[in-house]
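*Asks:* Kindly generate the corresponding structure for this input.
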Amino acid sequence: MRHRHARTSACAVIAAVGALVLTALPGSATAQTVRADSTSPQAPHRSAAETLSVGATSDAVFQAMKRDLGLDRAQAERRLANEAEAGAVAGRLHHALGASFAGAWVSGTESATLTVATTDAARLAAVRAAGARAVHVPHTLAQLEVAKDELDRASARRAAPEASSWAVDVRTNTVQLRAADPAAARSFVAASGADRGLVSVGATAERPRALYDIRGGDAYYMGGGRCSVGFAITRGTQQGFATAGHCGRAGTSTTGYNQAAQGSFQASTFPGRDTAWVATNSNWTSTPYVKGQGGQNVRVAGSTQAAVGASICRSGSTTGWHCGTIQQHNTSVTYPQGTVSGVTRTSVCAEPGDSGGSFISGSQAQGVTSGGSGNCRSGGTTFYQPINPLLQGYGLTLKTTTSGSENPGPGQPGETTWASGTVYEAGTQVTYDGTTYRCLQGHQAQPGWEPANTPSLWEQV
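*Replies:* All right, here's what the predicted structure looks like:
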């Protein structure tokens, strides 16, 4: 665990996808969504890139993508647009393929290729017709997730191998387990009850540990330790921020980057998850920004989850602004204090004090820094706790620039009527204006993101 101060214990039929066509040809200005009923007299819906405010991406993001991913601005713009559109197409294909769905990912310099895997060879042509590259694989995503869940349960019964992490890797169609001691890892898998044919064990030199670290990325202090603000939030009229659970327990007091009295942790979970939120006093105001390159403000417009392979940037109080790509979602990783599940693995570097800081893709919040290995001189691997489950778990509303200066209060997860402020998972069904819609990509609903207006996030049932 990297830290400044250790804690003492630390969402049919396949034709349904025809409503969207992914066009992502080399040299194109952007990826686009095309309505199947384009002759309709109604005005066209906003594309996924428009919905996710790709055009409003901050200069700081482009500068960091140039430095860390080798992309000029035009390439970065196309990549972000392609990634936005790919998420919508992948969401539709996920539902259309049903139980045969085996995962999706983007690839290529500009993320111009969306690959969708299925166990049903008869569905490959339909996947290609939707604009994606089709791959036939032996295992469904559901089967892999069952094996991964078995490993999670086993880690609660017995200590997982030291310096280990595991996750469903959709690109290899396996559950990848990396450990410093592969032999011990294989014994762990055998005892877990997981199907050993689904788990790939490999050696790693990484030594993951939690990263001790109301603009995202700014420093805050708790006693002798330092962490980083994740994202500014509100809870009703209360101002505050989301951060990593290992940074402090409920009741831990904090001071800000300027050492002024700031607030206290209201709730914290670690290990198991790595989530927490801090309520600040009246001298602090939540802002919809993350600290970017050179201290520039990077706007936060929402929290739609990016795909495996997508570009992502991180802000932290030790190493500042760095970018990379998403490698695996829903990862479980073992730190010295125990196993944390549901985090995302990335190729972004981080160092002590960056913990809790912001992970953002374009203008969409992704998560808060949890832990990792390596550093920002030689490179490394970093895990983040996804922001949407954190928001939902604590009833928080992400502070965004999407609409106005105030955000609505969060809705309840069980609601069936669409409501701004509610966190929706892919597959959730809601009613809006008398019509039923199905969620395509996990996100917290924002004003202006009504289902009828955002086909990249919702499809009519």
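*Asks:* From the centroid of the protein, which residue is nearest?
*Replies:* Gln366 (3.8 Å; CA atoms, centre = their mean).
*Asks:* element containing it, please.
*Replies:* Taking DSSP states H and E as the definition, one finds Gln366 inside strand 364-375.
*Asks:* For that strand, name the packing helices and strands.
*Replies:* Contacts defined by 3 or more CB pairs under 8 Å, 6 or more residues apart in numbering; DSSP states H and E place strand 364-375 against strand 209-210, strand 311-316, strand 320-335, strand 338-346, strand 358-361, strand 379-386, helix 387-394. Bear in mind the C-beta positions are built from the backbone N, C-alpha and C, glycine included.
*Asks:* quick revisit: tell me the spacing between the residue nearest to the centre of the chain and Thr346.
*Replies:* 9 Å (CB to CB, to the nearest Å).
*Asks:* which neighbours do the two share?
*Replies:* Common contact partners of Gln366 and Thr346 (CB atoms under 8 Å, 6 or more residues apart in numbering): Ile312, Ile326, Phe359, Tyr384.
*Asks:* what residues are up against the third one?
*Replies:* Translated: Phe359. With CB under 8 Å, 6+ apart, Phe359 has these contacts: Ile312, Cys313, Arg314, Thr344, Thr346, Val348, Ala365, Gln366, Gly367, Val368, Thr369, Tyr384.
*Asks:* which parts of stretch 216-232 are buried?
*Replies:* Residues of stretch 216-232 classed as buried by neighbour count (16 or more other CB atoms under 10 Å): 216-222, 225-232.
*Asks:* now that stretch, how far from the centre of its chain.
*Replies:* Offset of stretch 216-232 from its chain centre (CA atoms, centre = their mean, to the nearest Å): 20 Å.
*Asks:* now swap in stretch 88-97 and tell me
*Replies:* That offset, for stretch 88-97, works out to 18 Å (CA atoms, centre = their mean).
*Asks:* tell me the mean pLDDT for that stretch?
*Replies:* Here stretch 88-97 scores 97 as its mean pLDDT.
*Asks:* for stretch 145-155, same thing?
*Replies:* Per-residue scores along stretch 145-155 average to 96.
*Asks:* where do the helices sit along the stretch 51-200 of the chain?
*Replies:* Secondary structure of the stretch 51-200 of the chain by DSSP state H, counting those that start in this stretch: the helices cover 59-69, 73-97, 124-129, 141-157, 182-192.
*Asks:* okay, the ones you listed, which one's buried deepest?
*Replies:* When these are scored by mean count of other CB atoms under 10 Å, the highest mean neighbour count falls to helix 73-97 (a mean of 25).
*Asks:* Show me what that one is packed up against.
*Replies:* helix 48-51, helix 59-69, strand 101-107, strand 113-118, helix 124-129, strand 311-316, strand 458-460.
*Asks:* Can you say which of the ones you listed is nearest to Thr254?
*Replies:* Proximity to Thr254, assessed across these by CB to CB, is greatest for strand 311-316 (16.2 Å).
*Asks:* Which positions in that closest one come out as buried?
*Replies:* Quick answer for strand 311-316 (16+ other CB under 10 Å): Ser311, Ile312, Cys313, Arg314, Ser315, Gly316.
*Asks:* give the contact list for the closest residue to the fifth one other than its chain neighbours.
*Replies:* In other words, Ser315. Counting by CB to CB, 6 or more residues apart in numbering, Gly217 is the residue found nearest to Ser315 once chain neighbours are left out, at 2.9 Å. Gly217 makes contact with Ser228, Val229, Val290, Lys291, Gly292, Ser315, Gly316, Ser317, Gly320, Trp321, Gly357, Ser358, according to CB under 8 Å, 6+ apart.
*Asks:* just those now: which is nearest Ser373?
*Replies:* Scanning the contacts of Gly217 for proximity to Ser373, where the rule is CB to CB, the winner is Gly316, at 15.1 Å.
*Asks:* Show me where this structure dips below the pLDDT cut-off.
*Replies:* Residue ranges of the chain with pLDDT under 70: 1-44, 212-213, 402-415.
*Asks:* could you redo the last one with a cut-off of 50?
*Replies:* 1-41, 43, 213, 403-409, 411-414 (pLDDT under 50).
*Asks:* Give me the distance between the residue nearest to Ser315 and Ser456.
*Replies:* With CB to CB as the criterion, Gly217 and Ser456 are 27 Å apart.
*Asks:* before we move on, what about Gly316?
*Replies:* Relative to Ser456, and taking CB to CB, Gly316 is found at 30 Å.
*Asks:* just to revisit the earlier point, give me the beta-bridge partners of the closest residue in space to the residue nearest to the centre of the chain that isn't next to it in sequence?
*Replies:* Spatial nearest neighbour of Gln366, chain neighbours left out: Phe359 (4.3 Å); criterion: CB to CB, 6+ apart. Residues in a beta bridge with Phe359, per DSSP bridges, are Arg314, Gly367.
*Asks:* ok, the buried residues of strand 311-316 vs Asp169, which is closest?
*Replies:* Of the buried residues of strand 311-316, the one sitting nearest to Asp169 (CB to CB) turns out to be Ile312, at 17.1 Å.
*Asks:* From Cys323, how far out is that closest one?
*Replies:* Distance from Ile312 to Cys323, by CB to CB: 7 Å.
*Asks:* try Arg215
*Replies:* 18 Å.
*Asks:* How about Thr174?
*Replies:* Counting by CB to CB - Thr174 and Cys323 are separated by 27 Å.
*Asks:* More neighbours: the two, which one.
*Replies:* Cys323 (25 against 20; other CB atoms under 10 Å).
*Asks:* wait, doesn't the more buried one sit right on Gln63?
*Replies:* No - in this structure, Cys323 is not within contact of Gln63 by CB atoms under 8 Å, at 9.5 Å.
*Asks:* And the buried residues of stretch 216-232, which is closest to Leu396?
*Replies:* Phe231 (9.1 Å).
*Asks:* what's near enough to touch that closest one?
*Replies:* Phe231 neighbours (CB under 8 Å, 6+ apart): Gly216, Phe241, Ala242, Val290, Val300, Ser358, Ala365, Val368, Ile387, Leu398, Lys399.
*Asks:* and if you look at Asp152?
*Replies:* Contacts of Asp152 by CB under 8 Å, 6+ apart are Ser332, Thr339, Ser341.
*Asks:* measure the nearest residue to the second one once chain neighbours are set aside to Thr109 for me?
*Replies:* What sits nearest to Thr339 in space, not counting adjacent residues and going by CB to CB, 6+ apart, is Ser155, at 4.0 Å. Taken as CB to CB, the spacing of Ser155 relative to Thr109 amounts to 37 Å.
*Asks:* buried ones in stretch 369-387?
*Replies:* 369-374, 376, 380-387.
*Asks:* Pull the contacting residues for Thr140.
*Replies:* Thr140 touches Ala99, Ser100, Phe101, Ala102, Thr119, counting by CB under 8 Å, 6+ apart.
*Asks:* so what's the backbone phi/psi at Thr285?
*Replies:* With angles defined as degrees, to the nearest 10, Thr285 sits at phi -130, psi 130.
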